[in-house]
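> Whatever this is, show me its structure:
(chains A, B and C, ligands or ions: 4)
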Amino acid sequence: MGIPIIEFNNYTFKYRSQLKPTLLDINLTIYQGEKILIVGPSGSGKSTLVHCINGLIPHSYEGEVSGKLNIKSENGLKQDLFTRSKTVGTVLQDPDGQFVGLTVSEDIAFAMENECIPQEAMKKRVKEIAKLVEVDDHLHCSIHHLSGGQKQRVALAGVMVDEVDILLFDEPLANLDPATGKYAIELIDRIHKETDKTIVIVEHRLEDVLHRSVDRIIVMDQGRIVSDTSPSELLSSNVLEKTNLREPLYIKALKYAGCEVLSTMNPAHINTLNLNGWKDKLKECFESKPLRQPSFFSEPLLELESISFRYEAGKEVLNNISLSINRGEMVSVAGKNGAGKSTLTKLICGFEKPSSGRILFNGRDLCNKTISERSLLIGMVMQNPNHMISKHKIFDEVALGLAARGCSEDKISKQVEKTLKICGLYPYRNWPISVLSFGQKKRVTIASILVLEPEMIILDEPTAGQDFRHYTEIMEFLVELNNQGVTILMITHDMHLMLEYTTRTIVIGNRGILADDKPVHIIANNQLMKQANLKETSLFELAKLAEINNPTDFVQRFIDYDREARMRWL
Amino acid sequence: MQNKALSTKTVVAIGIGTAVFLILGRFASLPSGIPNTNIETSYAFLALMSVIFGPIAGALIGFIGHALKDAIMWGSIWWSWVIVSGIVGLLMGLAWKKINIQSGVLGTKQIVTFNVVQGIAQAVGWFLVAPILDILIYAEPANKVFVQGLVAGAANIVTVGVIGSILLAAYAKTRSKTDSLDLEA
Amino acid sequence: MAVEMLSYIERISPIHQLTGATKLLCFIMWTFAAMLTYDTRILLFLFAISLIIFKLSKVKISEVSYVLVFILAFMLFNNIAIYIFSPQQGVEIYQSIHILIGAGHFALTAEQLFYLFNISLKYFVVIPVALLFIVTTQPSEFASSLNRIGVSYRISYAVALALRYIPDIQREFRTISLCQQARGIDMSKKTKLSKRIKNAASIITPLIFSSLDRIEVVSNVMDLRGFGKHRKRTWYSAKPFQKIDFVAIILFFIIWTGSLMITFYDGSRFYNPFK
Ligand SMILES: Nc1ncnc2c1ncn2[C@@H]1O[C@H](COP(=O)(O)OP(=O)(O)OP(=O)(O)O)[C@@H](O)[C@H]1O
Ligand SMILES: Nc1ncnc2c1ncn2[C@@H]1O[C@H](COP(=O)(O)OP(=O)(O)OP(=O)(O)O)[C@@H](O)[C@H]1O
Ligand SMILES: [Mg+2]
Ligand SMILES: [Mg+2]
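Numbering: from 1, shown residues only, chains lettered A, B, ... in the order given. Ligands and ions are numbered 1, 2, ... in the order given. Next up is the predicted model:
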């Protein structure tokens, strides 16, 4: 092994306001030039660990530390933040908060300005770095005109200028579409190879990160490290299952079929996977499972008639869109970053007014209804949880909507408690929202809408930043609501979620609707997938590998079986 | 970082505080019935920032915030009142050490201290300094500027007294006590 | 709520070429000149110059016309207020009475009209220059300029941050208000005013607290990227001083001292045509 660069020794950390430690007895050594992935349930302490490495703990977050932490063989507990910032660069989890400059180039240059580097040298270096991460066409753009994927690249460039040894990424993929996510992973990999930096990635989308190889995967659960091995070892063990994390789909399928996954099969990546004679078993097993027939709906609930829209002083985002959502349906909306998905939902809820066209709900025109009148019919969970939160305590936040409607205290507390339990937040109900992890915050906002029980619910990327267990709980609850007749529309970048839970997918792109069809048909259309930055799931590749001639049925059977298996958690 | 210069946090507080002060002044002020004089919720926010981050932050948020607001809204700056906003921010910040809001304790004593300080600070600013500067700089009629100062000052003292105290209480609550968070069944 | 505010307008013009520091210095000299003098001849002269400068900048009137409407309304109010509070201020200043209409305390005098005309003229002198200062200065370059003319870089950076975050906070203000409405808090014109005022409070509080959180995050990010490490810092968007900057500053200085000398030459700020 190489030279250790980060060493945790019996390290424990407790936030000042917490009664119990958030990190417990951490023993972890990371070597120079390694690429490490950290996974774990939401709230397990991943971001906290990242803050210990970059020095925000203890410099910015107060708390009690015990044990040892060495960074480049120096005592990390004594170092000041400036020394640390020369060694460690961080891309934070918060999607918007990390930009300080007005424009792309200034943001990239920020660290150099602080180093008193002369202007000429800065300009040169900014150009170089921008080229490396491919934002050189946008140097003069202001930050909020960039798409999610571009922002991610600028954030990366901003920490790269500083010649740091260690790069930390806290959920770099959270809001990226599948193709951009893949690109981001390739970019990180390229930087790793070209510059030989040590890289630590925290991410829920394990399978997406494994698109390029990593050296080790660390699994965290409730503040402890429960596993620290190579990807192949991890995937052939049952650690992920035990911590309720999502295994790569092809691994799951193999396990369901009763195939034993061994580290010698190279399970870390589908392209290197060696099926080792399990082919027939896989085929046989899935063909014996029944195939569910999806149901159909026909009574339109929400109709958009030739809607067009542009933001002030911007290009047209949506042009002449017409679509209809039927009562009782569960529909997904997909499309590349910046295609206009969130904008579409804002139009439906009345946050923005279309420049032309009509929106009908139940056959009645919505255009003259105020936002709060529409909210009685349609509940909306926004993409960024920070935009929705307005109360101090979790309980109050979820109760807000009911209170505004004048419900009795009794009813409020009953309803709120029920919803909090569904969203896995009941034990936290008296906590201030500000101490929650990102995924927990997102769940608070989902709860605050679910509690209102509207006729239709719109969710903008409900599962971003969620772990598999909470993902399942939330989605199953939505299915239950759906069975009771609530119509559900959700925006997602998760191809498997789209296949698993929705009966129809609307693909948005090029200012209009690219497709409106059953998810399986969408996935089968290669040209469309490319155009909309989507990506087929690894199950299709597995089916090919096992020479199963009807991959669509294979996927459907997997989904049915998988749902049943997971119901046992609930 | 810990030296006598402004800390990074104070710098950011001045920057973002200024932006918020400006937006509140722009969108969240209510007409009082006297020309050019509004009930400004932004001064309640200024009071909160002065108490959390101290007199220097308060002075700069008031001064820069008011100057930028005038400039962006009207295209010209009414210097006399801009200066007074800075002075008011500064004086209200004098309650910073006394109240020590970061500790999360906010009893009657602190609320009273806060209101006495803000009352005096604003009285000095609006009743005295603002009219005098108006007369010196702009040669406006004395009775007009004194009435304007009185109305604006009284409105601001009441606004800050009510909304400011509420904000302070809410802020104190967000400072969770040590060892207070645990999972509940 | 989507009210426009003044912001940088990209153009190629001599005014845009000046550094922010030059423009700030000139702007301050100009406002002081206009503030102190009540000499009508000088005011008219300054007004003419300000129109020429405006023309030079290639900014179109239509691009700033919405602010002009605000300003005109403000001036009208201010004039009326002055008239109501002291209808004879002009008489006092110019020491003569020429009644035009009416009688008694509220009689309309030529002196009062002339006084109001002068007050309004003072605004007209400042407005074009002030507007230009705002729409021709790039915010980040302005921050570096402040630093150059001696303001500490921390405070200069605070100003840069303020300019950087104004659009963000404005957007956030809007989003929060929309989200609150989407959860049943009605803020549209359909509810009573008193209720609307109360509801407005439900937006202010989250805005303030989310801003406090933002302060936390941004200062973390800045610390992580080494802000405040040295006693100086460089600026990516700083502009070098050019000949045109010196020319502009010297010109403004001459105008400034000249106008003050003429104004106070006879010991009074006022030009009196009634004598
Ligand atoms: N500033 C803080 N003060 C007190 N407790 C905190 C603070 N920040 C986080 N916590 C608590 O520490 C625990 C771990 O949080 P952390 O943000 O590290 O989780 P995470 O693993 O990154 O989760 P996610 O995947 O949702 O981002 C959470 O239960 C959270 O409530
Ligand atoms: N408030 C706004 N003002 C101006 N332009 C905006 C605004 N919000 C979004 N846009 C622009 O509109 C386009 C569509 O944005 P939108 O947020 O709807 O995309 P999206 O499909 O939801 O993307 P993502 O997958 O990244 O969330 C983008 O080009 C974006 O830059
Ligand atoms: Mg996290
Ligand atoms: Mg979106």
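
> So A:I166 sits against A:G33, correct?
No: assessed by Cβ atoms under 8 Å, A:I166 is found out of contact with A:G33, at 10.3 Å. C-beta here means a position set from N, CA and C on the backbone, and glycine is covered the same way.

> Please say which of those two ends up with more neighbours.
A:I166 (23 against 16; other Cβ atoms under 10 Å in any protein chain shown).

> Residue 55 - how many residues pack around it?
Looking at chain A here, since you left the chain open. For A:G55, the count of nearby residues is 26 (other Cβ under 10 Å).

> The intended chain is chain B.
A count of nearby residues for B:P55, using other Cβ under 10 Å, gives 18.

> List the residues that contact it.
B:G89, B:L90, B:L91, B:M92, B:G93, B:L94, B:W96 (Cβ atoms under 8 Å, 6 or more residues apart in numbering or on different chains).

> got any residues that touch both of A:I166 and A:G33?
Shared contacts of A:I166 and A:G33, defined by Cβ under 8 Å, 6+ apart, are found at A:K197, A:T198.

> Mark out where each domain of the chain begins and ends.
Going with chain A. A:4-236, A:300-539 (the TED database).

> To clarify, I was referring to chain C.
With the TED database as the criterion, the domains of chain C are listed as C:14-138+C:240-266, C:143-225.

> which phi and psi does the nearest residue to A:S298 once chain neighbours are set aside have?
Spatial nearest neighbour of A:S298, excluding adjacent residues (Cβ to Cβ, 6 or more residues apart in numbering or on different chains): A:N326 at 6.1 Å. Main-chain dihedrals, A:N326, degrees, to the nearest 10: phi -90, psi 150.

> can you list the domains of chain A in a markdown table and add distance to ligand 1 and mean pLDDT?
Below are these laid out as a markdown table (distance: least, Cβ to the nearest ligand atom, whole Å; pLDDT from 0 to 100):
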| stretch | distance to ligand 1 | mean pLDDT |
| --- | --- | --- |
| domain A:4-236 | 3 | 89 |
| domain A:300-539 | 3 | 88 |
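
> Go through the ones you listed and name the closest to C:I80.
Of all these, domain A:300-539 sits nearest to C:I80, with 34.0 Å by Cβ to Cβ.

> List the contacts of the closest residue to ligand 3 within chain B.
Of all residues in chain B, the one sitting closest to ligand 3 is B:L181 (17.1 Å; Cβ to the ion). Taking Cβ under 8 Å, 6+ apart, we find B:L181 in contact with A:Y15, A:S17, A:Q18, A:L19, A:W431, A:V435.

> mind redoing it with 10 Å?
Counting by Cβ atoms under 10 Å, 6 or more residues apart in numbering or on different chains, B:L181 makes contact with A:Y15, A:R16, A:S17, A:Q18, A:L19, A:K20, A:Y428, A:N430, A:W431, A:P432, A:V435.

> Over to C:L36?
By Cβ under 10 Å, 6+ apart, the contact set of C:L36 is B:L136, B:I137, B:Y138, B:A139, C:K122, C:W256, C:S259, C:L260, C:T263, C:F264, C:R269.

> Now do it, the pLDDT please.
With respect to pLDDT, C:L36 scores 79.

> about what we covered before: of the contacts of B:P55, closest to ligand 2?
Distance ranking of the contacts of B:P55 against ligand 2, using Cβ to the nearest ligand atom, places B:G89 first at 31.3 Å.

> Could you pull out the helices in chain C for me?
Taking DSSP state H to define them, one finds helices in chain C at C:14-17, C:20-36, C:40-56, C:61-85, C:89-94, C:110-135, C:139-148, C:153-182, C:193-224, C:243-265.

> So for the fourth one, mean pLDDT?
So that's helix C:61-85. 84.

> That one near chain B at all?
Yes: under the criterion of Cβ under 10 Å from any Cβ of the partner chain, chain B is reached by helix C:61-85 at C:64, C:67-68, C:70-71, C:74-85.

> what's the angle from that helix to helix C:40-56?
Counting by axes from the mean of the first three to the mean of the last three Cα atoms, to 10 degrees, helix C:61-85 lies at 160 degrees to helix C:40-56.

> Next, the buried residues of helix C:61-85.
Neighbour-count burial for helix C:61-85 flags C:V64, C:V67, C:L68, C:I71, C:F74, C:M75, C:N78, C:N79, C:A81, C:I82, C:Y83, C:F85 (criterion: 16 or more other Cβ atoms under 10 Å in any protein chain shown).

> same check, this time on the second one
Along helix C:20-36, the positions that meet the burial threshold by neighbour count (16+ other Cβ under 10 Å) are C:20-27, C:29-31, C:33-36.

> Out of these, the closest to ligand 2 would be?
Sorting these by how near they are to ligand 2, with Cβ to the nearest ligand atom, puts C:G20 at the top with 26.6 Å.

> nearest spatial neighbour of that closest one, skipping sequence neighbours?
For C:G20, ignoring the flanking residues on the chain, the nearest one in space by Cβ to Cβ, 6+ apart is C:S145 at 3.3 Å.

> same deal with C:F270?
Spatially, and ignoring its direct neighbours in sequence, C:F270 is nearest to C:Y38 (4.6 Å; Cβ to Cβ, 6+ apart).

> is it true that C:L146 touches C:A162?
No: with contact defined as Cβ atoms under 10 Å, C:L146 does not reach C:A162; the gap is 11.6 Å.

> re the thing from before, test of understanding: give the bridge partners of the residue of chain B closest to ligand 3.
Beta bridges link B:L181 to A:Q18, judged by DSSP bridges.

> SS state for the spatially closest residue to A:P248 that is not a sequence neighbour?
Spatial nearest neighbour of A:P248, excluding adjacent residues (Cβ to Cβ, 6+ apart): A:E207 at 4.0 Å. The local conformation at A:E207, judged by DSSP: H, G, I helix; E, B strand; the rest coil, is helix.

> dump the residue contacts of A:E207.
When contacts are counted by Cβ under 10 Å, 6+ apart, A:E207 touches A:R246, A:E247, A:P248, A:L249, A:Y250, A:I251, A:K252, A:H269, A:I270, A:H496, A:T537, A:S538.

> With distance to A:D177 as new columns, can the residues you listed be given to me in JSON lines?
Formatted as JSON lines, those follow (distance: Cβ to Cβ, whole Å):
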{"residue": "A:R246", "distance to A:D177": "18"}
{"residue": "A:E247", "distance to A:D177": "22"}
{"residue": "A:P248", "distance to A:D177": "19"}
{"residue": "A:L249", "distance to A:D177": "18"}
{"residue": "A:Y250", "distance to A:D177": "21"}
{"residue": "A:I251", "distance to A:D177": "24"}
{"residue": "A:K252", "distance to A:D177": "23"}
{"residue": "A:H269", "distance to A:D177": "21"}
{"residue": "A:I270", "distance to A:D177": "20"}
{"residue": "A:H496", "distance to A:D177": "14"}
{"residue": "A:T537", "distance to A:D177": "14"}
{"residue": "A:S538", "distance to A:D177": "17"}
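
> picking that back up, dump the domains of chain C into JSON lines; add distance to A:L400 as well.
Output for the domains of chain C, formatted as JSON lines (distance: least, Cβ to Cβ, whole Å):
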{"stretch": "domain C:14-138+C:240-266", "distance to A:L400": "36"}
{"stretch": "domain C:143-225", "distance to A:L400": "6"}
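
> rewinding a little: turn the helices of chain C into a markdown table, including distance to A:Q440.
Putting the helices of chain C into a markdown table (distance: least, Cβ to Cβ, whole Å) gives the following:
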| stretch | distance to A:Q440 |
| --- | --- |
| helix C:14-17 | 48 |
| helix C:20-36 | 44 |
| helix C:40-56 | 54 |
| helix C:61-85 | 44 |
| helix C:89-94 | 64 |
| helix C:110-135 | 43 |
| helix C:139-148 | 36 |
| helix C:153-182 | 19 |
| helix C:193-224 | 15 |
| helix C:243-265 | 54 |
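
> For A:M122, find the nearest of those.
Nearest of those (Cβ to Cβ): helix C:139-148, 12.2 Å.
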